[in-house]
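Asker: quick one, what's the 3D model for this:
(chains A and B)
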Amino acid sequence: MNSVLQPIPWKLHLAVLAVAIAFPFVFPSNFMVNFGVLALFYAFIGQSWNIAGGFAGQLSFGHVAFFGVGAYASTIVQMRLGLSPWLGLPASALAGAAVGGIIAALSFRAGLKGSYFALITLAFAEVLRIVANSIGITGGGLGMLIPMKAGAGNFQFADRSGFYFLILALAVLSIALAEWLQRSRFGAHLAAIRENEDAARALGINVFVEKVKVMVLSGAIGGVGGCFFAQYFLYIDPLIVFGVDKSVEMLLVSMIGGAGTVYGPLVGALLLALVSDVTRVLTQIQGLSLVLYGSLLVVIIAFLPNGLIDLFRRRAKPAGEKD
Amino acid sequence: MLQVTGLTKIFGGLRAVDNASLKVDQGRIVALIGPNGAGKTTLFACIAGFHTVHSGRVELLGQDITGLPVHRIARAGMVRTFQITQPFAKLTVHENIAVGAYQKFPDRHQAWEHARAIARQVGMDQMLAQPAADLTVAGRKRLELARALATSPRLLLLDEVMAGLNPSEILEIISIIRKIRDSGVTVLLIEHVMHAVMSLSDNIYVLSYGKIIAEGSPLQVVNNQAVVEAYLGRGSAAPPLEDMLGATHA
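Answerer: Next up, the predicted model:
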């Protein structure tokens, strides 16, 4: 078994980054770049779930709440307030963080844990979907269409590689954040809370505050993910951005890749994107990718309970060795 | 250091702790003993903030800490261990202790070094890379102690850290606890291993049915008739006490 709070060597980070940067130059076709964008996008929103669910053990089934709020926040900023879409980015982070903080404060104050917490997050996501469906500013069930005006100033790129490098930058930030959790006191607190809340409390950790903080962080990332989604697809409606399937995808990529690990979401996201593209090319059956993905999940949970990342991990280090 | 006055804890109709008062002076090792079910762990949990108290007052270093949340009491310098060990199972021994050390040292390097030093102090430096889940009972008990000690507490509450250990492990942990006391940490411990209590403690409180029935030096306590009766039943207060207590609970 590996220790959990050890940093990952810089060389590995750099190698992954180099591959990611080279990818659109090696495979410049629209199809492949789109594949890269989706994989990184899933890795990014998966990391949002992973920080709360994997690192802190707060398993949420409604992470799409942050995603949807972020998508609407950034779209409302540009469509209703007429501001630059780039301002939508911080707006979506703030909105996601705020919703994360509110849901966390309410649930954790009430002492909800485990499956109860999972259920309450699902309920919040559903409530937000219904609210988005019924009020005016969101365009209700019709959703919102962002007019196509290609140009970097409009947060739209004629060339898909523009989106690719943007989501790559975001994914790098999210991985850096996860790596920081791996090294920092805050991350150690989260691991302690995940393993045993009473013991964490007994050592002087303010469990409530740390859990709210991690949900704020996770919410901010989820919100930014929503903003990117809106800008990439230029259309959002309540079913798309508050749909349960997104929550499931966010947690699946983490669990398949390796929950609570820095690269787990990226590994899981690559597999999800691969499975979904391959099935789309080979067959016309809608949703087949999720069926396959679900089957993979069963196999992986049976044989690699810590996720695919276990395949890449080195063997446990001998006693006493550090870093 | 610690002053508990008139502490009462009621579960439903049961007075688990009834008007208990005790005092722990700085630099001492004080033991809390009593028959099974006497309320020792409940009293500990009340002192450390895990239970709300019905009435009474807990003062740490002259400051009223009654009803404060657990983490604030811990930060004020009083840290407990658990009778049923509560390791961070998937973390290594080093990481477990580092979580405690982080409470004192926010910096990673310092926290990990401090954790290493604490591991050496409790004799776990050969097990740093082991996951806590793989430890034996003795290892887990030691880890409880190490993790609490790593927070640099002023007062340690040790809840049966010797239960389930073999005689040589008990001797080791006795010397570790002495060294902890010598390093300036005050210790309040619950223990059933009588020879350990007798040799370690400066002062002993005896709890029975939630009430403190006796207090004093080890010798005073063993020769106290009420204590013997609490353990062995009414009418048992006959001479060979030390041997009997030792035999029953060692």
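Asker: is the closest residue to chain B within the stretch 201-323 of chain A in a helix, a strand, or coil?
Answerer: Residue of the stretch 201-323 of chain A nearest chain B, by C-beta to the nearest C-beta: residue A:204 (3.5 Å). Just so you know, the C-beta spots here come from the backbone N, C-alpha and C atoms, and that holds for glycine as well. Put simply, residue A:204 is coil when judged by DSSP: H, G, I helix; E, B strand; the rest coil.
Asker: hmm, residue B:151 and it touching each other?
Answerer: Yes. Using C-beta atoms under 8 Å, residue A:204 makes contact with residue B:151 at a distance of 5.9 Å.
Asker: overlap of the contact sets of these two?
Answerer: Contact criterion C-beta atoms under 8 Å, 6 or more residues apart in numbering or on different chains; residues shared by residue A:204 and residue B:151: B:74, B:79, B:103.
Asker: so what's the residue count around the residue of the stretch 201-323 of chain A closest to chain B?
Answerer: Neighbours of residue A:204 under the rule other C-beta atoms under 10 Å in any protein chain shown: 25.
Asker: can you read off the backbone torsions of the closest residue to it other than its chain neighbours?
Answerer: Among residues not flanking residue A:204 along the chain, residue B:74 sits closest, at 3.5 Å (C-beta to C-beta, 6 or more residues apart in numbering or on different chains). When read as degrees, to the nearest 10, the backbone of residue B:74 gives phi -60, psi -40.
Asker: wait, residue B:74 touches residue B:103, no?
Answerer: Yes. The pair residue B:74 and residue B:103 passes the contact test of C-beta under 8 Å, sitting 7.4 Å apart.
Asker: shared neighbours, those two?
Answerer: By C-beta under 8 Å, 6+ apart, residue B:74 and residue B:103 have these common neighbours: A:203-204, B:151.
Asker: could these go into TSV alongside pLDDT?
Answerer: Shown next, in TSV, are these (pLDDT from 0 to 100):
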residue	pLDDT
A:203	95
A:204	95
B:151	95
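Asker: residues contacting residue B:2?
Answerer: Contacts for residue B:2 (C-beta under 8 Å, 6+ apart) come out as B:22-24, B:47, B:58-60, B:78, B:155, B:186, B:188.
Asker: the nearest residue to it once chain neighbours are set aside and residue B:47: what is the separation?
Answerer: Excluding the flanking residues, the one nearest residue B:2 by C-beta to C-beta, 6+ apart is residue B:24, at 4.1 Å. Distance, residue B:24 to residue B:47, by C-beta to C-beta, to the nearest Å: 10 Å.
Asker: among the two, which residue is more densely surrounded?
Answerer: More crowded of residue B:24 and residue B:47, by other C-beta under 10 Å: residue B:47, with 29 against 24.
Asker: which of the shared contacts of residue A:204 and residue B:151 ranks first by neighbour count?
Answerer: Most surrounded of those: other C-beta under 10 Å gives residue B:79, at 28 neighbours.
Asker: now for the one helix or strand that residue maps to, which elements pack on it?
Answerer: In this assignment (DSSP states H and E), residue B:79 forms part of strand B:78-80. On a contact count with 3 or more C-beta pairs under 8 Å, 6 or more residues apart in numbering or on different chains; DSSP states H and E, strand B:78-80 meets helix B:40-47, strand B:155-159.
Asker: swap the cut-off to 7 Å and go again
Answerer: The contact analysis (3 or more C-beta pairs under 7 Å, 6 or more residues apart in numbering or on different chains; DSSP states H and E) places strand B:78-80 against strand B:155-159.
Asker: now the angle between helix B:40-47 and the strand it packs on, please.
Answerer: 150 degrees (axes from the mean of the first three to the mean of the last three C-alpha atoms, to 10 degrees).
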